[in-house]
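*Asks:* How does the following fold in three dimensions:
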Amino acid sequence: MLFFFFGMGVALPGPLFSRAQDYWEYKFRDPSSDHADQRNRTELQIRFITWKYYFDIGPCLIALAATSMFGHKVGTRVKIIPSLAIICAMNLGYCIFCNINTDSWQREFLYVTLAMSTITSVKYFRPVCTHILSDAASLVGRIFSGPYITKRNRYLALLTNIATVGSFGILLLFCRTSPKRNSPLLFPHDWEYMCILGLHQVFFHFFIVSMILSVRNLVKPNQVEMGFLIMTSISEVLAMFMGFLAKLWMSIV
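*Replies:* Predicted coordinates:
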């Protein structure tokens, strides 16, 4: 029942609003125009993804640290019920703003959206078709993952992870994007982009889940929980660091 309510409160409405690219592009367009112009994007349209990512990752790190230090002192019911109530309130707020004209106060609307995103900590948006493919590929990676990493092969696993995920990530630079400015177009077809993205997600989630399942192989039995927390903290810090590189990435594309 608990997972059902969290799924209804986060897994369904959260990704729906966070991935609605056309909606956010329209909300942050030039108010003098009736439609979003992809060739002349406004500052808010360009920076929204990066800003939202910062506001998503930051609270995760804070919540992780707070949970590690004080979570055992707070009852489960006290933590769950307010969390569900806040999530429902934020999703209701997203629905209300769909029917409100925010052209005259776009920047204030941006601040409100980032604040709501901070509270719910949902993922930043990408095109829906990309997310569907990413989720399907990530599911495949999770299915084949397992506690394969041990103290003997941990460095080999790390290097393999960096090599495979990094290689496919670099190849995405040379796929067809709109608009495309600097990087050469080596993969002009959509099916090529989908194959590269799918393989990237398969390997990425395979290694991520395998690392999680292999924590017991790498630490002592009484240090498993701390191992999970350390690994999660490092992952969040790396994710935030990659967020700072988003602007550089877009300039390369």
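
*Asks:* residue contacts, the closest residue to residue 202 other than its chain neighbours?
*Replies:* Nearest in space to residue 202, with sequence neighbours left out and distances taken as Cβ to Cβ, 6 or more residues apart in numbering, is residue 141 at 4.3 Å. All C-beta atoms are positioned from the backbone trio N, CA, C, and that covers glycine. Taking Cβ atoms under 8 Å, 6 or more residues apart in numbering as the criterion, residue 141 is in contact with 201-209.

*Asks:* go again using 10 Å as the cut-off
*Replies:* Counting by Cβ atoms under 10 Å, 6 or more residues apart in numbering, residue 141 touches 198-210.

*Asks:* Can you say which helix or strand has it in it?
*Replies:* Secondary structure assignment for residue 141, by DSSP states H and E: helix 128-143.

*Asks:* Could you save the contacts of residue 141 as TSV and add columns showing distance to residue 31 and pLDDT?
*Replies:* Output for these, formatted as TSV (distance: Cβ to Cβ, whole Å; pLDDT from 0 to 100):
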residue	distance to residue 31	pLDDT
198	38	85
199	41	88
200	37	85
201	37	85
202	42	87
203	43	88
204	39	84
205	40	84
206	45	88
207	45	86
208	41	83
209	45	84
210	48	86
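
*Asks:* Just the pLDDT for the residue nearest to residue 202.
*Replies:* Listed pLDDT for residue 141 reads 85.

*Asks:* Could you measure from it over to residue 133?
*Replies:* 13 Å (Cβ to Cβ, to the nearest Å).

*Asks:* So for those two, which residues contact both of them?
*Replies:* Counting by Cβ under 10 Å, 6+ apart, the shared contacts of residue 141 and residue 133 are 198, 201.

*Asks:* low-confidence ranges in the stretch 151-253 of the chain?
*Replies:* Applying pLDDT under 70 to the stretch 151-253 of the chain flags residues 176-183, 239-240, 242-253.

*Asks:* before we move on, what about the stretch 1-150 of the chain?
*Replies:* Scanning the stretch 1-150 of the chain for pLDDT under 70 picks out the ranges 1-20, 49, 53, 56-61, 63-65, 67-72, 74-76, 79, 119-132.

*Asks:* just the strands in it please.
*Replies:* In the stretch 1-150 of the chain, no strands are defined using DSSP state E, counting those that start in this stretch.

*Asks:* quick one: which helix or strand includes residue 200?
*Replies:* Following DSSP H and E, one finds residue 200 within helix 190-213.

*Asks:* Next: residue 158.
*Replies:* helix 154-171.

*Asks:* helices and strands around that helix, which ones?
*Replies:* Here helix 154-171 touches helix 190-213, going by 3 or more Cβ pairs under 10 Å, 6 or more residues apart in numbering; DSSP states H and E.

*Asks:* Quick check: buried residues in the helix it packs on?
*Replies:* Buried residues in helix 190-213, defined by neighbour count with 16 or more other Cβ atoms under 10 Å: 193, 195-212.

*Asks:* Remind me what that helix packs against, helices and strands.
*Replies:* Helix 190-213 sits against helix 128-143, helix 154-171, helix 224-244, with contacts defined as 3+ Cβ pairs under 10 Å, 6+ apart.
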